[in-house]
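Q: got a sequence here, can you build the structure:
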Amino acid sequence: MRPYSRIAPAIVLTIGSLFAAIGTFSQHARAQVAGGPTCPPGCITEYPVPTPDSIPHGIVVGSDGALWFHEGPANKIGRITLTGKITEFSIPTPNCCSQGFLGVGRDHAVWFTEDSVQKIGRITMGGQVHEYPVPSPGFLGAITTGPDGAIWLTELGAKKIARRAPDGTFTEYPLTSGPLALIVGPDGALWFTENTGNRVGRITMSGQVTEYPLPTANSLPLRMTVGPDGAIWFTESRANKLGRVTTDGRITEYPVPAGMSPVGITTGPDGAIWFAGYGSNEIGRMAIDGTVTRYPVPTPNSVPYQMTVGPDAAIWFTEHGQGPPNRSPSAVHQIARLQPSITLARGSVQFPGGPGSSASFGVSFTSSSPGQGYVYFGPGPGCTGLVEVATQDLHAGTSQHSVMVTGNDLPGTVGDNGIQPGTTYWFEAVTVTRNGTEIDDNGGKCYSVAVPST
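A: Residues are numbered from 1 along each chain as shown. The predicted structure is shown next:
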């Protein structure tokens, strides 16, 4: 019999547009607090990196439940536990990196870029490092695992996206301008920004590329995240905006307060979009109604840069101390943690976004152990015979899950009919841990959700 947790899933219904919600109810979940039990919502705890002038850049959640970060100029990869203990591991090649970014492979290792020597690296949870040359010279912008299990990376300097197969062979796909960010979209493709080309783009696993120009000229699109609405959100640092692109290419832009110059971005466990205010030394939060809340970083001129959600449902980010107005190489470099107010929306229904909108719903839940969240669903009645599976967990590898249900992601013999407006669906949420154990996250209950008609 599967173990049960006692935290019920929260439901967010979406049909198209993000910013018109009605009928909201809420339940509250308590997060573990790395900064101590008295750390209230909005508080920021900072942890200095042991190596001086380390200038941390990318940050990611490892398969061991710790946060891993890149110390480019220090030639190291760092690891920080949820209680703030930092361990550093040297990268073998000297002077490897000016900046560096990370992703997690299906082999449970952390993969990272080495832009100064045109290599990518792999570090196990035990600290063993291996390096692999990439075919083309130039700055490397991002690295991630594709839906096909291969390692994909952006070659900004070479204006290409590269794929490294499990056997080590590379395939490169040329673009019209250099790509930077790279994430897996809810449609099974990879999405990227072109910061000099002022575009966002999409590449399939077979290498087919589609590019979408941005409405604002010279906006400098940088980093990306999959939003709680199933769209791709990204920062436009020079335009001082957040952008949103649907999987069919429709783009909307949302201004943020003057001077914030957003860079890093992630989707929080509260269903909001969080971003790093590179220019204003703040962390920003954009709620579903479009309002922005600002959280000043305690250390002046710390320059928050890249961010992610930790297994403790907190916002973790790097402070690289190298942006305006502080460009001193002796700046304090830190890893920081922001405690959000975790209010999970239950029954929040959003209006249609116009012709071509597709229905979906999101299920947010907490598991007793970190892992990959899944939602088993079907037309019912009841939770017998739930043969459709949603796998799009925005926070896979953590204990806080937000699974977007847009259809049957593992169609098999039953096919995929999407999510139909005017239909009631029954569902259960489960988490599969690293060792393959399946945790039932339903508290012994079966849930249903009525998708409104368009």
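Q: domain parsing for this protein?
A: Domain ranges of the chain: 10-29+344-450, 44-340, per automatic domain parsing.
Q: tell me the most buried of those domains?
A: Of the domains of the chain, the one with the most neighbours on average (mean count of other CB atoms under 10 Å) is domain 44-340, at a mean of 20. C-beta: built from backbone N, CA, C; applies to glycine.
Q: regarding that domain, how distant is the last residue from the first?
A: Distance between the two ends of domain 44-340: 9 Å, counting by CA to CA, to the nearest Å.
Q: returning to what we had before: turn the domains of the chain into CSV, including mean pLDDT.
A: Listed next are the domains of the chain as CSV, based on pLDDT from 0 to 100:
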stretch, mean pLDDT
domain 10-29+344-450, 66
domain 44-340, 92
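Q: return the distance of Pro179 relative to Pro56.
A: Pro179 is 23 Å from Pro56, where distance means CB to CB, to the nearest Å.
Q: ok, now Val200?
A: From Val200 to Pro56 the distance is 26 Å (CB to CB).
Q: now do Asp289
A: 33 Å.
Q: cool, and Gly42?
A: Following CB to CB, the distance that separates Gly42 from Pro56 is 22 Å.
Q: would you confirm that Gly264 contacts Phe317?
A: Yes - at 6.3 Å, Gly264 counts as touching Phe317 under the criterion of CB atoms under 8 Å.
Q: joint contacts of these two?
A: Common neighbours of Gly264 and Phe317, using CB atoms under 8 Å, 6 or more residues apart in numbering, are Ala276, Pro304, Tyr305, Gln306, Met307.
Q: looking at those, which is nearest Ala390?
A: Met307 (25.3 Å; CB to CB).
Q: ok, now which ones touch that closest one?
A: Ile59, Gly264, Ile265, Thr266, Trp274, Phe275, Ala276, Ile283, Ile315, Trp316, Phe317, Thr318.
Q: rerun at 6 Å
A: Counting by CB atoms under 6 Å, 6 or more residues apart in numbering, Met307 touches Gly264, Thr266, Ala276, Phe317.
Q: from Ser237, how far off is the residue lying farthest from the centre of the chain?
A: Computed with CA atoms, centre = their mean, the residue of the chain farthest from its C-alpha average is Pro381, at 34.1 Å. According to CB to CB, Pro381 stands 50 Å off from Ser237.
Q: again, but for Pro421
A: 37 Å.
Q: contacting residues for Pro205?
A: Actually, residue 205 is Met. It isn't Pro. Neighbours of Met205 in contact, by CB under 6 Å, 6+ apart: Asp148.
Q: helix, strand or coil for it?
A: Assigned state for Met205: coil (three-state reduction, DSSP: H, G, I helix; E, B strand; the rest coil).
Q: please renumber the chain so that the first residue is 556 from this point on.
A: Fine by me, first position is 556 from now on; the one you just mentioned is Met760.
Q: phi, psi of it?
A: Phi and psi for Met760, reported as degrees, to the nearest 10, are phi -70, psi -20.
Q: just Ser919 next, same as before
A: phi -110, psi 130.
Q: can you name the residues bridging to it?
A: Ala565, Ser957 (DSSP bridges).
Q: check contacts around Thr759.
A: Thr759 neighbours (CB under 6 Å, 6+ apart): Ala744.
Q: over to Thr953?
A: Pro866, Pro925.
Q: could you give the bridge partners of it?
A: Under the criterion used (DSSP bridges), Thr953 bridges to Gly926.
Q: where do the strands sit along the stretch 756-905 of the chain?
A: 764-768, 776-781, 787-791, 796-800, 806-810, 817-822, 828-832, 837-841, 847-851, 859-864, 870-874, 889-893, 898-901, 904-905 (DSSP state E, counting those that start in this stretch).
Q: out of these, flag the one nearest His663.
A: His663 lies closest, by CB to CB, to one member of these: strand 859-864, at 16.9 Å.
Q: partner strands of that closest one, with direction?
A: strand 870-874 (antiparallel).
Q: between the strand it pairs with and strand 889-893, how many degrees?
A: Here the directions of strand 870-874 and strand 889-893 differ by 150 degrees (axes from the mean of the first three to the mean of the last three CA atoms, to 10 degrees).
Q: distance check, Asn773 against Asp742.
A: Going from Asn773 to Asp742 by CB to CB gives 28 Å.
Q: which SSE is immediately downstream of the helix or strand harbouring Ala984?
A: In this assignment (DSSP states H and E), Ala984 forms part of strand 979-987. Sequence-wise, the next helix or strand downstream of strand 979-987 (DSSP H and E) is strand 993-995.
Q: for that next one, packing partners?
A: Packing partners of strand 993-995 (3 or more CB pairs under 6 Å, 6 or more residues apart in numbering; DSSP states H and E): strand 979-987.
Q: what residues does the strand it packs on touch?
A: Strand 979-987 is contacted by residues 564, 918, 920, 922, 926-932, 935, 938, 993-997, 1002-1005 when judged by CB under 6 Å, 6+ apart.
Q: perfect, that will be all.
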